[in-house]
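A.B. asks: One predicted model, sequence on top.
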Amino acid sequence: MALTYIFREDPNFKQNVSIIAGNHSIDAVINKVQYLAGDINDIVRNVDKTISQLSAKGSETVDNVGGYVRTLSSSANGVAEVATDKFGDFPIDLFLAVLILAFLVIIIALCYFISVGSMYAIEYRQTAKLEAEIREI
């Protein structure tokens with residue numbers, strides 16, 4: 001009686017193998033081991049090829065990113081040079097003084113609006129209380 005295999009397909013496209021007992025010969029086992037070793041060798045070769053392709057793509061990507069960064073850096077230096085040429089004689093100290101003064105005016109205006117708004121809110125609340133007391137009387 002020989003070794004019999006029963007194949008059945010799984011819904012997940014996996015292959016299940018059921019083995020029905022039979023006589024085993026050393027030659028059949030050796031053939032199966034050699035066949036399995038060949039399959040493992042093929043898998044190893046495919047994995048090595050895929051990994052070498054992946055590393056080549058990775059190094060190409062790193063080179064591309066390096067080129068983009070160099071281009072961006074040279075463009076940024078160009079923009080800085082143009083800005084220096086255009087605004088080299090601009091009075092920075094005066095500009096900063098005006099900005100600080102404008103900031104202080106904005107802070108003072110905000111304090112004023114908050115105080116006036118709270119005054120109106122308190123006046124409204126007091127008026128509402130007085131009207132409620134007058135209605136109760």
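C.D. replies: Sure, I can see it.
A.B. asks: Grab the longest helix from the protein for me.
C.D. replies: Determined from DSSP state H, the single longest helix within the chain is helix 26-87.
A.B. asks: Give the rounded mean pLDDT of the next helix or strand after it.
C.D. replies: Later in the chain than helix 26-87, the nearest helix or strand by DSSP states H and E is helix 92-136. The average pLDDT within helix 92-136 is 92.
A.B. asks: how distant is helix 92-136 from the center of its chain?
C.D. replies: Averaging C-alpha coordinates over helix 92-136 and over its chain gives two centres that are 44 Å apart (CA atoms, centre = their mean, to the nearest Å).
A.B. asks: re earlier: name the helices or strands packed onto the longest helix of the chain?
C.D. replies: In terms of contact count using 3 or more CB pairs under 8 Å, 6 or more residues apart in numbering; DSSP states H and E, helix 26-87 is assigned no packing partners among helices or strands. (C-beta placed from N, C-alpha, C; glycine too.)
A.B. asks: got the angle between it and helix 92-136?
C.D. replies: 100 degrees (axes from the mean of the first three to the mean of the last three CA atoms, to 10 degrees).
A.B. asks: so how far is helix 26-87 off the chain centroid?
C.D. replies: Here helix 26-87 shows a centroid-to-chain-centroid distance of 20 Å under the convention CA atoms, centre = their mean.
A.B. asks: quick check: mean pLDDT across it?
C.D. replies: 87.
A.B. asks: Number of residues surrounding A28?
C.D. replies: Neighbours of A28 under the rule other CB atoms under 10 Å: 13.
A.B. asks: Please report how far it lies from Y35.
C.D. replies: For A28, the distance to Y35 under the criterion CB to CB, to the nearest Å works out to 10 Å.
A.B. asks: next one: I51
C.D. replies: As for I51, its distance to Y35 is 25 Å (criterion: CB to CB).
A.B. asks: cool, S59 as well?
C.D. replies: Here the criterion is CB to CB. By it, S59 lies 37 Å from Y35.
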